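Engineer: Starting from these lines, generate the structure:
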Amino acid sequence: MDLSDGRTLGVPLAWFPRLLCSSAEQREQVRISSHGLHWEALDEDISVAGLLVGLGDQSSSGKTFAA
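Structural biologist: Next up, the predicted model:
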């Protein structure tokens, strides 16, 4: 993800199990907004704020992953 301040942000796909287990075609169906990323068919939302603080999947495991 390229941020408006010039930084590029990347995180491991393994942080997001729904995305990891999805097909490339499903991952390509992303909607990008100023708040984050959304995959309607996968019911997955990833916020820019969460990525900036190093949060991974917060849906069910209760675990926080940080870089």
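Engineer: tell me the contacts of Gln29?
Structural biologist: Gln29 sits next to Trp39, Glu40, Ala41 when contact means Cβ atoms under 8 Å, 6 or more residues apart in numbering. For every residue, glycine as well, the C-beta is placed using N, CA and C.
Engineer: Next, format those as JSON lines and append secondary structure and neighbour count.
Structural biologist: Below are those laid out as JSON lines (DSSP: H, G, I helix; E, B strand; the rest coil; neighbours: other Cβ atoms under 10 Å):
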{"residue": "Trp39", "secondary structure": "strand", "neighbour count": "19"}
{"residue": "Glu40", "secondary structure": "coil", "neighbour count": "10"}
{"residue": "Ala41", "secondary structure": "coil", "neighbour count": "9"}
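Engineer: hey, which helix or strand in this structure has the poorest pLDDT?
Structural biologist: When each helix and strand of the chain is scored by mean pLDDT, DSSP states H and E, helix 48-52 comes last, with a mean of 86.
Engineer: what helices or strands is that helix leaning on?
Structural biologist: Secondary-structure packing of helix 48-52 (3 or more Cβ pairs under 8 Å, 6 or more residues apart in numbering; DSSP states H and E): strand 36-39.
Engineer: Can you list the strands that the strand it packs on pairs with?
Structural biologist: strand 31-32 (antiparallel), strand 44-47 (antiparallel) (DSSP bridges).
Engineer: do you know how far Ala24 is from Asp45?
Structural biologist: Using Cβ to Cβ, to the nearest Å, Ala24 is found at 19 Å from Asp45.
Engineer: Looking only at neighbour counts, state which of the two leads.
Structural biologist: Applying other Cβ atoms under 10 Å to Ala24 and Asp45 shows that Asp45 carries more neighbours, namely 16 against 6.
Engineer: confidence score at that one?
Structural biologist: We note a pLDDT of 93 for Asp45 in this prediction.
Engineer: Around the closest residue to it other than its chain neighbours, how many other residues sit close by?
Structural biologist: Take Asp45 and drop its neighbours on the chain: the residue closest to it by Cβ to Cβ, 6 or more residues apart in numbering is His38, 5.1 Å away. His38 sits with 16 neighbouring residues when counted by other Cβ under 10 Å.
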